[in-house]
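Participant: pasting the sequence and the predicted model now:
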Amino acid sequence: MEKEEVEPEQEKKWRPSSAADRAAGQAFLQAAVANALQYTKMKWQDMVEEYRQAGKLHKLNIHSAKLAKANIY
């Protein structure tokens, strides 16, 4: 008994089908860009405060975060 060859399904790309989908995608991207700009403008103390408020201050790698922040400016 031979196995029947099955062609893999082609991956379908997502395309916005309506104006509402396009608007939702645009709003998401605008929020992501605004968030990234806000992060780049943060001072070191602000970043530490963000981690503290999120309860993740213990996960902040001080050395790598300071180096990353120093390379931005």
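Facilitator: Good, I have the coordinates.

Participant: now do the most centrally placed residue in the chain, the pLDDT please.
Facilitator: By Cα atoms, centre = their mean, the chain has its centre lying nearest to A32, at 7.0 Å. Listed pLDDT for A32 reads 96.

Participant: and the gap between it and Q38?
Facilitator: Distance from A32 to Q38, counting by Cβ to Cβ, to the nearest Å: 11 Å. Glycine gets a C-beta too; all of them are placed from N, C-alpha and C.

Participant: what's the first helix or strand after the helix ranked longest in the chain?
Facilitator: Using DSSP state H to define each element, the chain has its longest helix at helix 19-40. Towards the C-terminus, the helix or strand next in line after helix 19-40, according to DSSP states H and E, is helix 44-53.

Participant: chain center to that following helix, what's the gap?
Facilitator: 19 Å (Cα atoms, centre = their mean, to the nearest Å).

Participant: tell me the angle of it relative to helix 19-40?
Facilitator: 120 degrees (axes from the mean of the first three to the mean of the last three Cα atoms, to 10 degrees).

Participant: could you say what helices and strands helix 44-53 packs with?
Facilitator: In terms of contacts (3 or more Cβ pairs under 8 Å, 6 or more residues apart in numbering; DSSP states H and E), helix 44-53 is packed against helix 62-72.

Participant: quick one: mean pLDDT over the helix it packs on.
Facilitator: Rounded mean pLDDT across helix 62-72 is 59.

Participant: stretch 17-29 too?
Facilitator: pLDDT averaged over stretch 17-29 gives 90.

Participant: list of residues touching it?
Facilitator: With contact meaning Cβ atoms under 8 Å, 6 or more residues apart in numbering, stretch 17-29 is reached by P16.

Participant: need the CA coordinates for it. CSV is fine.
Facilitator: Provided in CSV are the C-alpha atoms of stretch 17-29 (Å, rounded to 0.1, in the frame of the first residue of the first chain):
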residue,chain,number,x,y,z
SER,A,17,-10.4,42.9,4.2
SER,A,18,-12.2,46.0,5.5
ALA,A,19,-11.6,49.6,6.4
ALA,A,20,-12.0,48.6,10.1
ASP,A,21,-9.2,46.0,9.8
ARG,A,22,-6.9,48.6,8.2
ALA,A,23,-7.8,51.2,10.9
ALA,A,24,-7.1,48.6,13.7
GLY,A,25,-3.7,47.7,12.2
GLN,A,26,-2.8,51.4,11.8
ALA,A,27,-3.8,52.1,15.4
PHE,A,28,-1.7,49.2,16.6
LEU,A,29,1.4,50.4,14.7
